[in-house]
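Colleague: Provided below are the primary sequence and the corresponding predicted coordinates.
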Amino acid sequence: MMMRRIFGRVGAMALLAFSVATLSLPAVAGEVKLRADSWCPYNCEPGNRPGYLIEIARAALEPAGHKVDYQLMPWTDALAAVTAGTATGAVGATKEEAPGMIYPGLSLGTSRPTLVIRKGKETKDFKVTNLDALKAVRFGSIKDYFYSTEVNAFIDANKGSPNIVQVSGDNVTEDLVNMLIDGKIDAMVEDSNVIDFLLESKGYRNLFNYHALGQQTSVSIGLSPKDPNSAAYAKLIDAKVAELRKSGQLTAILDKYGVKDWQ
């Protein structure tokens, strides 16, 4: 997104050095405020294992002189803050849900909506063959999340139904899983990587059945259109992802979270 021009052979080496420096350090070094609710393995609780997207962002931005400030907040608030320019990036955003943001050119992962349903709930009288079948059960989702065009259209069309349960907050995926275990809902939808990570860590995997609910979509970090450095940040992230992939370091980061390289 940062434009680099070559003006002939005279001074080529000096120009190349300037271009590399420009790629590595945007015009103004500063604080990069990354915000999202907890969505492990993409972004987790701040600390030693903050999520692989946060590790990539830090690897890309901090050597260039930027300070990454990562904090959790409800997803709706994070999107609003990045849109308004009071935060720099929404971690785990997609172009479909936030088309006005600025994104790295390279994908930072893939998301696929997955239905999680209590074992024993599916019987000969009830099978999940399409989304309309979910009208017969108490179905949980996260407010203002984008899952897929089809899933979100189903949720929007049935919001008035008492069987459609939506939650919001900082740890909403775990809230929904606990509601499943407690019998407060019968099924929920979540990203496949997120639900795999959570259920594996809690030892809950054998309690549920799973169904894919749509196509994969690219996950990224949506950067604020109000921040003049956003295009440069995106360029830095692209360069670092390519470097990490080539060196094998990307695999090492992803292995900590049980994620496979999506490319």
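Modeller: Perfect, I can see it now.

Colleague: can you tell me which helix in this protein is longest?
Modeller: Longest helix in the chain, counting residues (DSSP state H): helix 230-247.

Colleague: Surely Gly169 and Asp175 touch.
Modeller: Yes - contact criterion C-beta atoms under 8 Å: Gly169 and Asp175 qualify, at 6.5 Å. (Each C-beta comes from the backbone N, C-alpha and C, glycine too.)

Colleague: The closest residue to His66 other than its chain neighbours pairs with what?
Modeller: Among residues not flanking His66 along the chain, Val32 sits closest, at 5.0 Å (C-beta to C-beta, 6 or more residues apart in numbering). Taking DSSP bridges as the rule, Val32 bridges to Val68.

Colleague: Contact partners for Val32?
Modeller: Applying C-beta atoms under 8 Å, 6 or more residues apart in numbering, one finds that Val32 lies in contact with Ala57, Leu61, His66, Lys67, Val68, Asp69, Thr88, Gly89, Tyr233.

Colleague: phi, psi of Ala187?
Modeller: Per-residue torsions, Ala187: phi -150, psi 160 (degrees, to the nearest 10).

Colleague: again with Trp39
Modeller: Taking degrees, to the nearest 10 as the convention, Trp39 sits at phi -140, psi 60.

Colleague: Look up the residues forming beta bridges with it.
Modeller: Asn43.

Colleague: where are the low-confidence patches of the stretch 51-200 of the chain?
Modeller: Residues of the stretch 51-200 of the chain meeting the criterion pLDDT under 70: 123-126.

Colleague: Pull the contacting residues for the residue nearest to Tyr233 when sequence neighbours are not counted.
Modeller: Distances taken as C-beta to C-beta, 6+ apart place Leu223 nearest to Tyr233, at 5.7 Å, with adjacent residues excluded. Applying C-beta under 8 Å, 6+ apart, we find Leu223 in contact with Val82, Thr88, Gly89, Met101, Ile102, Tyr103, Ser230, Ala231, Tyr233, Ala234.

Colleague: Show me the beta-bridge partners of Leu223.
Modeller: Applying DSSP bridges, one finds that Leu223 bridges with Gly89, Ile102.

Colleague: I'd like the distance between it and Glu55.
Modeller: From Leu223 across to Glu55, the span is 17 Å (C-beta to C-beta, to the nearest Å).

Colleague: For Cys215, grab the count of nearby residues.
Modeller: Quick fix: residue 215 reads Gln, not Cys. Neighbour count of Gln215, defined by other C-beta atoms under 10 Å: 12.

Colleague: my guess is it meets Ser111, correct?
Modeller: No - here Gln215 does not reach Ser111: they are 9.9 Å apart, not a contact under C-beta under 8 Å.

Colleague: can you map out the strands along the stretch 1-150 of the chain?
Modeller: Along the stretch 1-150 of the chain, the stretches classed as strands by DSSP state E, counting those that start in this stretch are 31-36, 67-72, 89-93, 110-111, 113-118, 139-142.

Colleague: Just give me the neighbour total for the closest residue to Ala84 other than its chain neighbours.
Modeller: Leaving aside its chain neighbours, Ala84 sits nearest to Lys226 (6.8 Å; criterion: C-beta to C-beta, 6+ apart). The number of residues packed around Lys226, counting by other C-beta under 10 Å, is 14.

Colleague: Cool, thanks, talk later.
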